[in-house]
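> Provided below for reference: sequence and predicted model.
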Amino acid sequence: MLTSYAAHFDTPAGYLDFARFGPPSRDALTATARALEASARADHTTVDTLMRAEEAARNTAARLAGTDAQHTVLLPNASTGLFHAALGIREGVVLVPRADFPANHYPWHRAADLGRATPRWIDPAPGAGVTADLVRAALTDDVVALSVSAVDFRTGFRADLAALREAIGPDRLLIVDAIQSFGVTQLPWDAADVVVTGGQKWLRAGWSTGFATLSDRALESLEPVLTGWTGVEDAGLFDGTEHPPAPDARRWSITNLSPVTAAAFAAALDLVERHTVTAIEAAISARIAELAEVVKEYGGRVLSPTEPARRAGILSFTMPEHDPSLVAKALHAEDVTPTVRTDSLRLSPHASTPQETSERVAAALSSLGR
């Protein structure tokens, strides 16, 4: 456990479902309350003052992603960014993993329905994830982009973004869904042309938070189909004419976001930046290693990659001869919160997860034998 980081949270020790939702910090709660309180006492300065939280969040997100504010835009969720990317490709084939989370499927279905980009589904080997070799085998001249999750939501497989960039070459777009990795996994984000993420999971900012970064290549090639009134030049000039899209990542803005959620997002991102992704990742990795040993000790079958360099903060497993629902019941009895699937269970700790959590999981799994 990263003690200095953990001190900002009140999350129960047995909570192991960060891949689904990350309970926010007291910092984020305080920022939310202050913004709401200020809005309740509104005067001529209130709106402009509250809107400054968006700038703070965007600047911190940009630094964490290794870029700048001109290449970064706040979004209400990751899906909005994926739709921007999918509808922005005029034509061509986009490689998409069939096993990816559906958020990376539906934008491409809709793009194909509109006669724009067409998805070509690729199938990683079970537990292997999307590799450079798999991508190379699927490449043809009509492929214009690869859209992939940085970390697989099922197994925690960590994609090698640098290798994927090398595989597709410099002229195709690399679109990355970072929702299972950003803020807790060190990855070369600059290898991607588009990085999208939401803040409600590992960033622990609450719902309706997120952002995207766009490379110069993405800004040049992606058509700004969904640009709204806040994403254009001279957005504050209401002259009844259509304004051109903003020259930078602001062109992905559709309308004003909530300054209340922006305040929470800014606080959450600041917490990550202060404690560093490196330290957070190391704490999570240590806890994952402990949990993997516990699962194997009690006869479980680990579905996630065994090599630390290839896995992130997700540990998926099964208990042979035990239905996942019954395993979940045993975990719940020890106040442990997993993700429960029909065919497996998923444990996803954070840097605030204490060592005693592994002991609770051990007690739960040992009870299955009784």
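On my side now, so go ahead. Just so it is clear, the structure is predicted and the values come from calculations on it, not from any experiment.
> CA atoms only: put the helix or strand encompassing S358 into PDB for me.
Using DSSP states H and E, S358 sits in helix 356-368. The C-alpha trace of helix 356-368 is given here as PDB (Å, rounded to 0.1, in the frame of the first residue of the first chain):
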ATOM      1  CA  GLU A 356      -4.900  -7.400   4.800                       C
ATOM      2  CA  THR A 357      -7.100  -7.600   1.700                       C
ATOM      3  CA  SER A 358      -5.100 -10.600   0.500                       C
ATOM      4  CA  GLU A 359      -5.700 -12.300   3.900                       C
ATOM      5  CA  ARG A 360      -9.400 -11.800   3.400                       C
ATOM      6  CA  VAL A 361      -9.300 -13.300  -0.100                       C
ATOM      7  CA  ALA A 362      -7.400 -16.300   1.400                       C
ATOM      8  CA  ALA A 363     -10.000 -16.800   4.100                       C
ATOM      9  CA  ALA A 364     -12.800 -16.700   1.500                       C
ATOM     10  CA  LEU A 365     -11.200 -19.100  -0.900                       C
ATOM     11  CA  SER A 366     -10.200 -21.500   1.900                       C
ATOM     12  CA  SER A 367     -13.800 -21.600   3.000                       C
ATOM     13  CA  LEU A 368     -14.800 -23.100  -0.400                       C
END
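> V194 pairs with what?
According to DSSP bridges, the residues that bridge with V194 are I175, L214.
> Just give me the neighbour total for it.
A count of nearby residues for V194, using other C-beta atoms under 10 Å, gives 27. Backbone N, C-alpha and C define where each C-beta goes, glycine included.
> Is it in contact with S215, as I believe?
Yes - counting by C-beta atoms under 8 Å, V194 does reach S215; the two are 7.4 Å apart.
> before we move on, the earlier item: need the contact partners of the helix holding S358.
With contacts defined as C-beta atoms under 8 Å, 6 or more residues apart in numbering, helix 356-368 is touched by 13-14, 16, 287, 290-291, 294-295, 297-300, 319, 322, 326-327, 330-331, 333-336, 347, 349.
> Give me the subset of these lying in strands.
Under the assignment DSSP state E, the contacts of helix 356-368 contribute L347 to strands.
> Make a PyMOL selection of the buried ones in the contacts of helix 356-368.
Per 16 or more other C-beta atoms under 10 Å, the buried members of the contacts of helix 356-368 correspond to this PyMOL selection:
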select buried, resi 13+14+16+287+290+291+294+295+298+300+319+322+327+330+331+334+336+347+349
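> Run through the strands of the stretch 1-150 of the chain in chain order.
In the stretch 1-150 of the chain, the strands defined using DSSP state E, counting those that start in this stretch lie at 72-74, 93-97, 118-122, 143-149.
> Deepest-packed of those strands, please.
strand 72-74 (a mean of 26; mean count of other C-beta atoms under 10 Å).
> and that strand, which strands flank it?
Strand 72-74 pairs in its sheet with strand 210-214 (antiparallel), by DSSP bridges.
> Report pLDDT for R370.
For R370, the model assigns a pLDDT of 65.
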